[in-house]
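A.B. asks: With the sequence up front, the predicted model follows.
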Amino acid sequence: MRSTTCDRVEKTSTRRAGVLLHPSSLPGPDGIGDLGAPARRFVEFLAHAGQAVWQVLPLAPTGYGDSPYQALSAFAGNPLLVSLEDLCQEGWLAEADWKGMPAFGTGEVDYPLVSRFKLGLLRRAADRFQALASPAEREALRTFREREAAWVEDLALFLVLKDRYQGAPWIAWDRALALRDPRAMEAARRDYAAEVSAQVFVQWVFDRQWSGLRAHACAHGISLMGDLPIYLAHDSAEVWARPWLFRLDPQGVPRAVAGVPPDYFSATGQLWGNPLYDWTAQASDGFTFWVERMRQTLRLYDLVRLDHFRGFEAYWEVPAGAPTAQDGKWVKGPGAAVFEAMEASLGHLPIVAENLGVITPEVEALRHRFGFPGMAILQFAFGKDPQADSFKPHNYGRDLVAYTGTHDNDTTLGWWASKAGAASIRTAEDIAAERAHAMAYLATDGSEMNWVLIRGVYASVADLAMAPLQDLLGLGSEARMNIPAVASGNWRWRCEEGALAPEVARRARALAQLYGRA
């Protein structure tokens, strides 16, 4: 994907503020937020609000549970985020194509309904392009396909075959295709050439729309922060196409899977189920996969949050088939070697290390070795966890990104109103003590806690202070984006039309100015 160099993007050492919002959560008419006019208006809202960073979740096509962390590809863009309105303006769709459009709700994404509607229109746009495109447009698509051939050809065929097998994971396909028998692959590329080309068209459109949005952000002084998951879904184009990079048996079944031990979010740990890397195999070719993955990521963003950074030092290995993550064990990861390979090829890495969870001195030493800022979550500062003190603002350093909460947390108002639950490790007594501690520390009576926590991270010495949009809007648990260790019902929240009001922007800007972040 094309990169956009933005001279107006400030260096990461300056004091700044930003907002976390995935594009799917934007308002808009087609059942899900997209990269078109709603995203451009959000950039303008951020500029009015004195913000300098827009953080998004992974932009890849989602798989199991609609999670962007269980994506169908490490390199592709999510077709559901493509703006149909922008395609209409380019002539690849017509207003008549919206005839029979479903009645979408506004408060959350109905993924099955949105997928049926949008994917059908995207195929129609691909067919119209094939019939009507100018020579210059055809050449632009050809250039994209040639430049991105290392991933886009496998991705396109993977999606076509997945559709042919009614959405079944690749391991359940015909064995010749699942294991990529050369003759079966050659036949599939020949038989499905038109469908493969349509998928490549959609990726080209995504690339163009994201590049346009990034240029719009640049013009308004907004940096874009992406999110790079450490793991890939087993049912993904890369695991299918490059199985030797992962710890799979000869039939493609994971020998062990990823997760984390019991933590703040779950008393039984989090069983993610992703296949683990074969780090020995990856090291043997100089970590080429990770170098190319990071290269692609840096074409998209100005900053990159590297998810589950601690997994590069040591990762939690769970036996395949285990019902929970409790019976896993820590196994040493590649450590500095993978980052040395990336730096040797790409130079300075503008990475924010997600150093949350069970963090050891070895993890922090790895982070400091490469100068990666870490993260601090203010919601975590007041409980009884042994690491809670590290999340208090008086212990922050400048090389830090301070959050009120993240996509995995409840909203601040939801957190403040929370009660003990069966899956939580927090008791009612824990919660009462946490609230008393927070009110004393933050000098508040407990009202407007969303703005109290925003003020707390803005006032800190951390170079970058972030808040989810839900906290700026003062929303409760109904607006939560994700509940870790819960497989379904997540990633659906959408901002209501009109919620990005001028008074919200003015209040955020006033705080950003007060604390030298505007």
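C.D. replies: Good, I have the coordinates. All values reported here derive from a predicted model rather than from experimental measurement.

A.B. asks: List the buried residues of the worst-scoring helix or strand of the chain on mean pLDDT.
C.D. replies: The weakest-scoring helix or strand in the chain, judged by mean pLDDT, DSSP states H and E, is strand 270-275 (a mean of 91). Under the neighbour-count criterion of 16 or more other C-beta atoms under 10 Å, strand 270-275 has 270-275 buried. (Glycine included, C-beta is placed from N, CA and C.)

A.B. asks: Report the secondary structure state of the closest residue in space to residue 445 that isn't next to it in sequence.
C.D. replies: Spatial nearest neighbour of residue 445, excluding adjacent residues (C-beta to C-beta, 6 or more residues apart in numbering): residue 439 at 6.8 Å. Under DSSP: H, G, I helix; E, B strand; the rest coil, residue 439 falls in the helix class.

A.B. asks: Residue 439 and residue 51, how far apart?
C.D. replies: 28 Å (C-beta to C-beta, to the nearest Å).

A.B. asks: In which helix or strand does the residue of the chain most remote from its centre reside?
C.D. replies: Each residue of the chain has a distance to the centre, and by C-alpha atoms, centre = their mean the biggest one is for residue 183: 36.1 Å. For residue 183, the host element (DSSP states H and E) is helix 182-191.

A.B. asks: now for that helix, which elements pack on it?
C.D. replies: Helices and strands touching helix 182-191, by 3 or more C-beta pairs under 8 Å, 6 or more residues apart in numbering; DSSP states H and E, are helix 149-164, helix 175-178.

A.B. asks: winner for burial among these?
C.D. replies: helix 149-164 (a mean of 20; mean count of other C-beta atoms under 10 Å).

A.B. asks: Identify the residues contacting it?
C.D. replies: 61, 72-76, 144-145, 168, 170, 173, 177, 185, 188-189, 192, 195-197, 199-200, 203, 236-238, 240-241, 292, 296 (C-beta atoms under 8 Å, 6 or more residues apart in numbering).

A.B. asks: quick one, phi/psi of residue 474?
C.D. replies: Per-residue torsions, residue 474: phi 70, psi 40 (degrees, to the nearest 10).

A.B. asks: quick one: pLDDT of it?
C.D. replies: Model confidence at residue 474, given as pLDDT, is 98.

A.B. asks: One more: the one 5 residues further on?
C.D. replies: The confidence metric pLDDT takes the value 97 at residue 479.

A.B. asks: With residue 427 instead?
C.D. replies: 86.

A.B. asks: Identify the nearest residue to it in space, disregarding sequence-adjacent positions?
C.D. replies: residue 420 (5.2 Å).

A.B. asks: Could I get the average pLDDT for the longest helix anywhere in the chain?
C.D. replies: If you go by DSSP state H, the chain has its longest helix at helix 193-219. The pLDDT scores in helix 193-219 average 98.

A.B. asks: helices and strands around that helix, which ones?
C.D. replies: helix 37-48, helix 111-132, helix 135-147, helix 149-164, strand 223-228.

A.B. asks: quick revisit: for the helices and strands packed on helix 182-191, give me a markdown table that also has distance to residue 304 and mean pLDDT.
C.D. replies: A markdown table is the format used below for these (distance: least, C-beta to C-beta, whole Å; pLDDT from 0 to 100):
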| stretch | distance to residue 304 | mean pLDDT |
| --- | --- | --- |
| helix 149-164 | 18 | 97 |
| helix 175-178 | 32 | 98 |
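
A.B. asks: quick revisit: how much space separates the residue farthest from the centre of the chain from residue 351?
C.D. replies: 42 Å.

A.B. asks: in the chain, which spans are strands?
C.D. replies: Taking DSSP state E, the strands of the chain run over residues 16-20, 53-55, 223-228, 256-260, 270-275, 303-306, 314-319, 329-332, 351-353, 374-377, 400-403, 464-468.
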